[in-house]
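Trainee: Give the three-dimensional model of this entry:
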Amino acid sequence: GGGEIEPGAEPEMAGAPGAERADLRLGEVPFGLDALGVAQHRLAEAGEHDAARSAREQRHAEILLEPVDGLARGRLADRQRGGTGADAAALGDREELAQQRHVLEHDPFLQVMETGTNGTLRTGWGDGKLVGRPAPQSGRRHRGNRHAMRAIFVLFDSLTRSAMSAYAGTHVHTPNFKRFAERAVTFDGHFVGSLPCMPARRDIHTGRLNFLHRSWGPLEPYDNSFPEMLRDAGIHSHLVTDHMHYFEDGGATYHGRFRSWDFIRGQEYDPWKAMVQPPLERLREKYNAKHYDFANSWKRLQNAVNREYMVEEKDFCLPRCFESAFEFLDTNRQADDWFLMLECFDPHEPFHAPDRFKDRYRTGYNGGILDWPHYEKVTDSKEEIDEIRANYAALMTACDHYFGRLMDYMDRHDMWKDTAVVLSTDHGFLLAEHDWWGKNLMPYYTDISHIPLIVHHPAHAAQAGQRRKSVTQTMDLMPTILDLFGLKAPGETCGRSL
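Mentor: Residues are numbered from 1 along each chain as shown. Next comes the predicted model:
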């Protein structure tokens, strides 16, 4: 749309929304939000400015969460504006009614027949409750001044840009990523915002940097999360993921912002399978103690236990994630206004791929399994380094293969004409480059911070195969996805729609 960047062009920064962030980019956190300004903006939209100001002042001393974050204070004040008890309930009813009226005013397919005695808006179809959906019709539809949209966001974890053929990588077999780039727009200047896993996801959900005001953690109650905003706008947001950090202390509350979600069990140290007396001697023979010290790491032992139940390729988490996504598409591909986030933990360590992908990268190594390097300086032999890299390459190729199956599915069902697809990752990974394994401990070399982003937009199919040089970051994904569905990003967003 209006934010489209022409080939080879740099974005105009002067006076543009988010320009102050664009000037800072990497390593800076433009988080100088005016708490009062944010609060007043939202209060004015709700039409309850005076009442909210009074409620905020009365309970100001009780606001204890995240005092260093101006946005936190604004959102808490916003949520407390209705007082307590009957006053809060009445205000909530008035706000809900106002939201319903707004939907009706902007959606010609919703026909108002009457207003009930309790203020509930009734429609000429259904059971009399406004659910934010139009009467069933054939063909494509509009939502007010926008087209109905379908979108798939495929997020791999630790997808290293330099290993992808779409970015001129040659040492790993990834033909389907290149195939996708040929029918999409590839962003050559895409970088991380915050990292690793959960900080990056807070960037993605909220469109603003998690760092430096907070480390690893959950979404906060005051966070505007894009899948929740989609859900509240009547767009079904669905998550398929095997990312177990969503479901443990410190990383929770992300999946709950989706309308529905499916958790695929068994990745990393997910406490999936219970084995009180695991066969330790056999496991010690199978795994190299450099990566699997079972006596001192219950997490690595739990991973080994989980893998006892991954006998065939279909048992692995990656194929199960894609099968869940295909189930969603089989059920819903004919519907309008849905968003599918297919988030695969692979190729994050441990680099455990089905044998047929490993066959391409055999190194001749005959020791125990080496596929989960500790984040540390490299002290391994060349043979060990080659084996760890080979295991990562095998998992990358597996990710490429299953992404190719998604492309095949879209080909079969002619989905490219009306379905957007976004492919990206949260960060890269050092595989002995700069004499380091992993991330977090070392400087953020471009191997970690310079990441892939490839986007297909059905309205811009003519741009297939083009590339963009402009600098973009993780927090740009949130306003971009909202823009796909014709929704505006909230005022505190640091990112810009691409």
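Trainee: check contacts around the closest residue to residue 298 other than its chain neighbours.
Mentor: Counting by C-beta to C-beta, 6 or more residues apart in numbering, residue 298 lies nearest to residue 269, which is 7.6 Å off, once chain neighbours are set aside. Just so you know, the C-beta spots here come from the backbone N, C-alpha and C atoms, and that holds for glycine as well. Going by C-beta atoms under 8 Å, 6 or more residues apart in numbering, residue 269 touches 244, 298-300, 302-303.
Trainee: repeat for residue 292
Mentor: Taking C-beta under 8 Å, 6+ apart as the contact definition, residue 292 lies against 283-284, 300-301, 304, 368-369, 372.
Trainee: among the residues you listed, which ones are buried?
Mentor: If you count burial by 16 or more other C-beta atoms under 10 Å, the buried members of those come out as 283-284, 300-301, 304, 369, 372.
Trainee: how about those residues, which pair is most distant?
Mentor: 284 and 372 (14.9 Å; C-beta to C-beta).
Trainee: Run through the helices of the stretch 301-450 of the chain in chain order.
Mentor: In chain order, the stretch 301-450 of the chain shows helices spanning 317-332, 355-358, 382-412, 446-449, with DSSP state H, counting those that start in this stretch as the criterion.
Trainee: can you tell me which of these comes nearest to residue 349?
Mentor: Taking C-beta to C-beta as the measure, the helices of the stretch 301-450 of the chain were each checked against residue 349, and helix 382-412 came out nearest at 7.9 Å.
Trainee: And the closest residue in space to residue 167 that isn't next to it in sequence, how far from residue 338?
Mentor: Beyond its immediate neighbours in the sequence, the residue positioned closest to residue 167 (C-beta to C-beta, 6+ apart) is residue 161, lying 5.0 Å away. In this structure, residue 161 lies at 29 Å from residue 338, with C-beta to C-beta, to the nearest Å as the measure.
Trainee: For this protein, give me the ranges with low pLDDT.
Mentor: Along the chain, the model assigns pLDDT under 70 to residues 1-147.
Trainee: ok, back up a step: phi, psi of the residue nearest to residue 167?
Mentor: Comment: the main-chain dihedrals of residue 161 come out as phi -60, psi -40, following degrees, to the nearest 10.
Trainee: that older thread, and which of the buried ones among the contacts of residue 292 is nearest to residue 199?
Mentor: residue 372 (21.6 Å).
Trainee: that older thread, among the contacts of residue 269, which ones are buried?
Mentor: With burial judged by 16+ other C-beta under 10 Å, the buried subset of the contacts of residue 269 is 244, 300, 302-303.
Trainee: of all those, which two lie farthest apart?
Mentor: Farthest pair in the buried ones among the contacts of residue 269, by C-beta to C-beta: 244 and 300, 14.1 Å.
Trainee: which residues of this structure fall in strands?
Mentor: Counting by DSSP state E, residue ranges of the strands within the chain are 112-115, 121-123, 142-143, 146-147, 150-156, 185-191, 236-241, 260-263, 338-344, 419-425, 430-431, 437-438, 453-456, 467-473.
Trainee: returning to that earlier point: distance to residue 152 added to the contacts of residue 292, as JSON lines?
Mentor: Putting the contacts of residue 292 into JSON lines (distance: C-beta to C-beta, whole Å) gives the following:
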{"residue": "283", "distance to residue 152": "38"}
{"residue": "284", "distance to residue 152": "42"}
{"residue": "300", "distance to residue 152": "33"}
{"residue": "301", "distance to residue 152": "36"}
{"residue": "304", "distance to residue 152": "33"}
{"residue": "368", "distance to residue 152": "38"}
{"residue": "369", "distance to residue 152": "33"}
{"residue": "372", "distance to residue 152": "30"}
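Trainee: quick revisit: look up how far residue 367 lies from the residue nearest to residue 298.
Mentor: Using C-beta to C-beta, which is the criterion applied here, residue 269 is 23 Å from residue 367.
Trainee: just residue 348 next, same as before
Mentor: Computed as C-beta to C-beta, the residue 348 to residue 367 distance reads 23 Å.
Trainee: With neighbour numbers in mind, choose between the two.
Mentor: residue 348 (25 against 11; other C-beta atoms under 10 Å).
Trainee: Isn't that one up against residue 155?
Mentor: No - counting by C-beta atoms under 8 Å, no contact exists between residue 348 and residue 155, whose distance comes to 11.3 Å.
Trainee: just checking, residue 193 touches residue 474?
Mentor: Yes - counting by C-beta under 8 Å, residue 193 touches residue 474, with 3.8 Å between them.
Trainee: okay, and the common contacts of the two?
Mentor: In terms of C-beta under 8 Å, 6+ apart, residue 193 and residue 474 are both contacted by the residues 200, 203.
Trainee: Run a quick neighbour tally on residue 344.
Mentor: If we define neighbours as other C-beta under 10 Å, then residue 344 has 28 of them.
Trainee: contacting residues for it?
Mentor: Taking C-beta under 8 Å, 6+ apart as the contact definition, residue 344 lies against 154-157, 241-243, 317-318, 321-322, 399, 402.
Trainee: mind checking how far it is from residue 285?
Mentor: 30 Å.
Trainee: Could the C-alpha coordinates of stretch 265-272 be exported in PDB?
Mentor: These are the backbone C-alpha positions of stretch 265-272, laid out as PDB (Å, rounded to 0.1, in the frame of the first residue of the first chain):
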ATOM      1  CA  ARG A 265       4.700 -31.300  22.200                       C
ATOM      2  CA  GLY A 266       8.300 -32.600  22.500                       C
ATOM      3  CA  GLN A 267      10.800 -29.900  21.500                       C
ATOM      4  CA  GLU A 268      14.000 -29.200  23.500                       C
ATOM      5  CA  TYR A 269      13.400 -29.900  27.200                       C
ATOM      6  CA  ASP A 270       9.600 -29.800  27.000                       C
ATOM      7  CA  PRO A 271       8.400 -32.100  29.900                       C
ATOM      8  CA  TRP A 272       6.400 -34.100  27.400                       C
END
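Trainee: Show me which residues of it are buried.
Mentor: Across stretch 265-272, burial judged by 16+ other C-beta under 10 Å covers 266-270, 272.
Trainee: And for stretch 165-183?
Mentor: By neighbour count on 16+ other C-beta under 10 Å, the buried set for stretch 165-183 is 165-167, 169, 172-174, 176-181, 183.
Trainee: what's the answer for stretch 475-494, then?
Mentor: Counting neighbours by 16+ other C-beta under 10 Å, one finds that the buried residues in stretch 475-494 are 475-487, 489-490, 492-494.
Trainee: okay, it in CSV with CA atoms only?
Mentor: Listed next in CSV are the C-alpha coordinates belonging to stretch 475-494 (Å, rounded to 0.1, in the frame of the first residue of the first chain):
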residue,chain,number,x,y,z
MET,A,475,9.1,-4.7,15.2
ASP,A,476,8.0,-3.7,11.7
LEU,A,477,6.2,-7.1,11.4
MET,A,478,3.4,-6.1,13.7
PRO,A,479,2.2,-3.0,11.8
THR,A,480,2.8,-4.8,8.5
ILE,A,481,0.5,-7.7,9.5
LEU,A,482,-2.2,-5.3,10.8
ASP,A,483,-1.9,-3.4,7.6
LEU,A,484,-2.6,-6.5,5.6
PHE,A,485,-6.0,-6.6,7.2
GLY,A,486,-6.7,-2.9,7.0
LEU,A,487,-6.1,-2.2,10.7
LYS,A,488,-4.0,0.6,12.1
ALA,A,489,-1.2,0.1,14.5
PRO,A,490,-1.6,1.6,18.0
GLY,A,491,0.1,4.9,18.7
GLU,A,492,2.9,3.5,20.8
THR,A,493,4.2,1.3,17.9
CYS,A,494,7.8,1.9,16.9
